[in-house]
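Peer 1: Pasted the sequence and its predicted model underneath.
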Amino acid sequence: MRIRKQVPIAALAALSLYVPSQATPAEGPSQSCNAAPLVDATFRDAALRTFERLMVVAPGLPADGAIKVHHSAGHIDPQGADWHHVSAYQVNLAFLGALRVNPQLAPAAARWLQWQARHTTMTGSGQGVVFDYWVRADGLQESQCPPGMDPRTCPQVDAFDSTAASLLLMADAYAEYAPQPSMLEEPTMRAALEAAAGTLTLLTQPSGLSWAKPGHKVAYLMDAVEVAAGWRAWARLQTRVFHVPAAAQNSLATARRVDAAIQKYLWHAPSQTWRVSQDVGKPSFSRWYPDTVAQAWPLLWDDGSDPAAWAHAQAAWRQAAAQWTGTKSWSQRNVDPAGFWWPAVAVAAHCVAEDDAAKAWVARARAAWMRESAPFVWPFQIADLLWLFRLSAPVASDPFPSSVSFLNPLSR
């Protein structure tokens with residue numbers, strides 16, 4: 001998915017230290033590149049505490065369980081009220097990483113999944129999609145279009161296909177780590193998951209690739225690899241939660257068709273690189289985003305089942321990264337014109353054993369995000385946590401049992 005870049009951010013709230021707890025590793029993107037962690041425990045724990053402080057706890061209100069993409073406001077209405085952006089796609093990605101390093105987050109993940117179930121569009125052109133929401137800082141009212149926002153832009157979501165896939169991935173991660181994942185069998189939750197899978201089906205074209213949106217008929221590489229992962233996640237849920245093995249086999253077959261379509265339609269054989277989308281040719285590595293960044297996505301979401309696909313993914317990323325060294329090195333500065341960090345690229349470097357570059361990026365991000373006066377300042381986004389946690393080891397134990405845990409988040 002193309003990470004959202006349109007949200008302005010203002011002041012940042014304070015950060016406190018995270019309380020570690022018992023965890024075990026779990027399945028996540030790119031099982032082919034699980035290597036030694038590069039993020040130290042202090043940095044990881046501060047990121048986990050930051051995640052906690054983005055959680056909305058508002059019993060009895062529709063916003064209960066929502067999670068903000070950042071500490072600071074993304075919109076200020078004409079009366080001067082702050083509104084925080086809630087993006088299902090970004091938060092789902094963050095949880096994929098967070099549950100892996102701290103399964104004790106499962107209760108918070110359940111609240112977030114239930115929030116999504118309540119906010120899934122069940123009819124109309126957006127069926128099966130959780131559109132972006134905004135939560136007012138004082139009072140916690142919700143809106144898809146708060147006062148002062150251009151109504152022509154509402155409701156908004158970056159892409160239908162990868163947003164729907166992210167819900168399936170999120171539910172699968174929850175099923176992996178929750179002691180009792182029966183919440184997924186609740187009628188409203190199951191209906192939301194089935195609607196998300198239905199959306200993917202409706203968007204899938206004869207080629208096997210999906211349109212990003214009904215009104216945006218482009219088949220993107222970054223979306224496609226997430227959609228394939230989403231179908232695999234749905235197959236696992238159908239098997240171990242809903243106990244419909246025949247349906248699970250159909251979902252696995254769909255995932256394989258998407259994988260095959262990625263290789264057939266998005267691999268640019270003459271240059272040995274990936275097309276950004278089906279309708280374009282060779283990527284230009286003079287452009288950081290999307291051309292260069294997209295080369296990392298097949299590597300990051302590879303499931304390890306196809307050695308040829310893995311070899312393509314490694315070679316394409318190495319070729320792309322070679323254009324961004326020296327004074328242009330992504331590891332030494334944020335080369336994205338908008339200033340975004342792209343921690344996914346550090347994971348890609350780690351996957352191809354370019355650890356010096358990955359370590360340099362981690363050190364730079366640590367110095368910036370752990371700054372006491374302004375921790376995790378924009379353009380940090382919550383989706384960055386997936387990739388930061390992919391470079392982290394799971395927490396081992398809770399040395400402070402009397403402290404506040406993720407079972408009772410602090411945010412209000």
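Peer 2: Done, it's in.
Peer 1: Show residues contacting the helix or strand A316 falls within.
Peer 2: Assessed by DSSP states H and E, A316 sits inside helix 307-321. Residues outside helix 307-321 that contact it (C-beta atoms under 8 Å, 6 or more residues apart in numbering) are 32, 259, 262-263, 267, 272-274, 283, 285, 291-292, 295-296, 298-299, 302, 304, 330, 345, 348-349, 351-352, 354, 357. The C-beta positions use only the backbone N, C-alpha and C, and glycine is treated the same way.
Peer 1: Next secondary structure after it?
Peer 2: Counting by DSSP H and E, the next helix or strand C-terminal to helix 307-321 is helix 343-351.
Peer 1: What number of neighbouring residues does Q263 come out with?
Peer 2: 16 (other C-beta atoms under 10 Å).
Peer 1: Distance-wise, check it relative to R257.
Peer 2: Using C-beta to C-beta, to the nearest Å, Q263 is found at 11 Å from R257.
Peer 1: so the residue nearest the centre of the chain is in which element?
Peer 2: Note on the chain: the residue nearest the mean C-alpha position is L93, at 2.2 Å, using C-alpha atoms, centre = their mean. Using DSSP H and E, L93 maps to helix 88-101.
Peer 1: chain center to that helix: distance?
Peer 2: 6 Å (C-alpha atoms, centre = their mean, to the nearest Å).
Peer 1: what pLDDT, on average, does the very next helix or strand once past that helix get?
Peer 2: Downstream of helix 88-101, the first helix or strand assigned by DSSP H and E is helix 106-119. The pLDDT scores in helix 106-119 average 97.
Peer 1: which helices and strands does the next helix or strand after helix 106-119 pack with?
Peer 2: Following helix 106-119 in sequence order, the next helix or strand is strand 133-136 (DSSP H and E). Counting contacts by 3 or more C-beta pairs under 8 Å, 6 or more residues apart in numbering; DSSP states H and E, strand 133-136 packs against strand 82-86, strand 142-143.
Peer 1: Sheet partners, orientation included, of the first one?
Peer 2: Looking at strand 82-86 with DSSP bridges, its partner strands are strand 75-76 (antiparallel), strand 133-136 (antiparallel).
Peer 1: got the buried residues for that strand?
Peer 2: 82-86 (16 or more other C-beta atoms under 10 Å).
Peer 1: can you give me the offset of it from its chain's centre?
Peer 2: Put simply, strand 82-86 sits 18 Å off its chain's centre (C-alpha atoms, centre = their mean).
Peer 1: what sits up against that strand?
Peer 2: 7, 10, 66-70, 72-77, 132-138, 143, 146.
Peer 1: next one: the shortest one
Peer 2: Counting by C-beta under 8 Å, 6+ apart, the neighbours of strand 142-143 from elsewhere in the structure are 62-63, 66, 83, 133-136.
Peer 1: so which of these is the most crowded?
Peer 2: Neighbour counts for these (other C-beta under 10 Å) peak at A66, which has 28 neighbours.
Peer 1: about what we covered before: include pLDDT when you put the buried residues of strand 82-86 into a markdown table, please.
Peer 2: What follows is these, written out as a markdown table (pLDDT from 0 to 100):
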| residue | pLDDT |
| --- | --- |
| D82 | 96 |
| W83 | 97 |
| H84 | 96 |
| H85 | 96 |
| V86 | 97 |
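Peer 1: Many thanks, have a good one.
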